[in-house]
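1. I need the structure of the sequence given here:
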Amino acid sequence: MKYYTVGQINTYIKNLIGSDYLLKNIVIKGEVSNCKYHSMGHIYFSLKDETGSMSAVMFKSSAASGLKFRLEDGQSVYVQGAVNVYERDGKYQLYARKIVQDEDTKGKLFEQFEKLKEKLYEEGLFDFEVKKEIPKFPKKVGIVTAETGAAIQDIMNIARRRNPYVQLILYPAKVQGDGAAETIVRGIRKLDSMGLDTIIVGRGGGSIEDLWAFNEEIVARAIFEAQTPIISGTGHEVDNTIADYVADLRAPTPSAAAELAIPDIMSVVRNVRSEREMLDKSIRARLQEKMLLLERLSASLARTSPQKTLHDRMQYLSGLTENLYNRMNVKYTNYAKRLEVNIARLDGLSPTAKLRGGYGYIEYGNNSQTLSVDEMKPLMSASDVSSGDRLRITLHDGTVDAVVGEEK
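-> Numbers count the residues shown, from 1 in each chain. As a prediction, this is how the structure comes out:
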């Protein structure tokens, strides 16, 4: 079976179109959309009218001489160039060599946009006095956007990060093309009837025709008539739609709308935990400081209290008493020893001490009957007495009277 490759077919079509005399040098009138300036200096855009659109590119070399103004979305222009096929993608596009702006018109879509904006402004739909305040701590947030777009994923991720407890309710709406405005209106009205705290209306970025559903009058009036506060987050930061002007709050992107609608509760929780730790640390430090002060005051009070003074005095008195007792005991011992020595010495000098060894102290007197005791004399010799003299013998335990007998 004979077959052709994709590349061969693309090349064939490219050669076929490239050989067409009309398409080699053609001037096409249309409205610019999806205009993007590449970092290399090339310009990529779409050229459209009521019946369709086509891709176009103007390389840097052609722009240097063939473009005298900055190309932007919504401009009505005449583009001179050649139509050919980009083989890699198999798509035809216009290769622009010269672009001239149509000074007689501003672009039908932008003209409609400006007319509707002026009309609604005159009716007061943009007035700040009628805009509703966005709840600070919502529990339920409605979303009107595409079910499979990047916008809903971004909103869900932001909600999960900022406040995982908030309930998200999606109304899957068509946000581009025929019937998109009607589904957006139905979504707004349905969510508004559910008693939610906030509603987010929007979609990701795109050209003016991609975002046109949000420039429809029925969408603007549905937003204005809703009782629930509505945040509009449509397109990129540079995009503006009628819905943005009517909404109670405008966000540059769907992600920004989610951040405005859903407070960062987790950040608050983290801050509260941090503040609690700091408070606990401060209390512990203050308590430690007061405990140290209490210890110092207690020690100072203990040193100066009457009880402590009395205890010290009693201790001092006890020491003095013990010292006095010791010194008295020493004195007593010394005096006792001295007394023993004196007694021994006195005993050695005492005449009566000798009497205990069987000796006696003899006194004599003549044989006179009237001789008193005091008149008796110590007997120093046997020759001092004669027969009949009286004797008194003093022993250690008493006295004995005797008379001298006859000498044998």
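
2. Can you list the helices and strands that whichever strand or helix holds A285 packs against?
-> Take DSSP states H and E as the rule and A285 turns out to sit in helix 265-304. Under the contact criterion of 3 or more C-beta pairs under 8 Å, 6 or more residues apart in numbering; DSSP states H and E, helix 265-304 touches helix 150-162. All C-beta spots, glycine's among them, are computed from the backbone N, C-alpha and C.

3. where exactly do the strands run in the stretch 51-200 of the chain?
-> Along the stretch 51-200 of the chain, counting by DSSP state E, counting those that start in this stretch, strands occupy 53-58, 76-86, 91-101, 140-145, 167-172, 198-203.

4. can you redo those as a markdown table with distance to A180, mean pLDDT and mean neighbour count?
-> As requested, the strands of the stretch 51-200 of the chain are arranged in a markdown table below (distance: least, C-beta to C-beta, whole Å; pLDDT from 0 to 100; neighbours: other C-beta atoms under 10 Å):
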| stretch | distance to A180 | mean pLDDT | mean neighbour count |
| --- | --- | --- | --- |
| strand 53-58 | 17 | 92 | 18 |
| strand 76-86 | 24 | 88 | 19 |
| strand 91-101 | 25 | 89 | 18 |
| strand 140-145 | 11 | 95 | 25 |
| strand 167-172 | 12 | 95 | 16 |
| strand 198-203 | 9 | 94 | 29 |
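
5. The ones you listed: which one's closest to R392?
-> Counting by C-beta to C-beta, R392 lies closest to strand 167-172 out of these; the figure is 142.3 Å.

6. re earlier: average pLDDT across the helix holding A285?
-> Across helix 265-304, the average pLDDT comes to 87.

7. Could you number the chain from 53 rather than 1 from now on?
-> OK, 53 is where the count begins now, so the last one is helix 317-356.

8. Run the chain-centre distance for that helix.
-> 17 Å (C-alpha atoms, centre = their mean, to the nearest Å).

9. immediately after it, which helix or strand?
-> Of the helices and strands lying after helix 317-356 in sequence (DSSP H and E), the nearest is helix 358-401.

10. Next, the angle from that following helix to helix 317-356.
-> Inter-element angle recorded for helix 358-401 and helix 317-356: 30 degrees (by axes from the mean of the first three to the mean of the last three C-alpha atoms, to 10 degrees).

11. Pull out the buried positions in the helix or strand A274 falls within.
-> Element membership for A274, per DSSP H and E: helix 269-277. By neighbour count on 16 or more other C-beta atoms under 10 Å, the buried set for helix 269-277 is V271, A272, R273, A274, I275, F276.

12. Each with direction, which strands does the helix or strand that that helix is followed by pair with?
-> Sequence order places strand 282-286 as the next helix or strand after helix 269-277, per DSSP H and E. Here strand 282-286 is paired, per DSSP bridges, with strand 250-255 (parallel), strand 301-303 (parallel).

13. can you tell which of those strands is closest to V182?
-> With C-beta to C-beta as the criterion, V182 lies closest to strand 301-303 of those, at 12.9 Å.

14. Excluding its own residues, what touches that closest one? List them.
-> K183, I186, G254, P281, I282, I283, S284, G285, D296, A309, E311, L312 (C-beta atoms under 8 Å, 6 or more residues apart in numbering).

15. out of these, who's nearest A354?
-> Looking across the contacts of strand 301-303 and measuring by C-beta to C-beta, the closest to A354 is E311, at 62.8 Å.

16. Quick check: E199 vs G229, distance?
-> Per C-beta to C-beta, to the nearest Å, E199 is found 15 Å from G229.

17. Please apply the same query to D141.
-> The value you get for D141 to G229, if C-beta to C-beta is used, is 23 Å.

18. And for T361?
-> Relative to G229, and taking C-beta to C-beta, T361 is found at 100 Å.

19. Please apply the same query to D101.
-> In terms of C-beta to C-beta, D101 sits 17 Å off from G229.

20. for this structure, which spans come out with low pLDDT?
-> 73, 155-160, 259, 289-290, 403-409, 419-426, 459-460 (pLDDT under 70).

21. Please repeat the previous calculation with a cut-off of 50.
-> 157-158 (pLDDT under 50).

22. quick revisit: now the strands paired with strand 282-286 in TSV, with distance to L344?
-> Converted to TSV, these look like this (distance: least, C-beta to C-beta, whole Å):
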stretch	distance to L344
strand 250-255	54
strand 301-303	55
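
23. Those strands: which one's closest to E415?
-> Short answer: strand 250-255, nearest of the strands paired with strand 282-286 by C-beta to C-beta, at 146.5 Å.

24. between the closest one and strand 192-197, how big is the angle?
-> With the same axes, to 10 degrees defining the directions, strand 250-255 sits at 20 degrees from strand 192-197.

25. Put the alpha carbons of strand 250-255 into PDB.
-> In PDB, the C-alpha atoms belonging to strand 250-255 read as follows (Å, rounded to 0.1, in the frame of the first residue of the first chain):
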ATOM      1  CA  THR A 250     -18.800  35.100  48.900                       C
ATOM      2  CA  ILE A 251     -18.900  34.200  45.200                       C
ATOM      3  CA  ILE A 252     -15.900  34.200  42.900                       C
ATOM      4  CA  VAL A 253     -16.600  34.800  39.200                       C
ATOM      5  CA  GLY A 254     -13.800  34.400  36.600                       C
ATOM      6  CA  ARG A 255     -11.500  32.400  34.500                       C
END
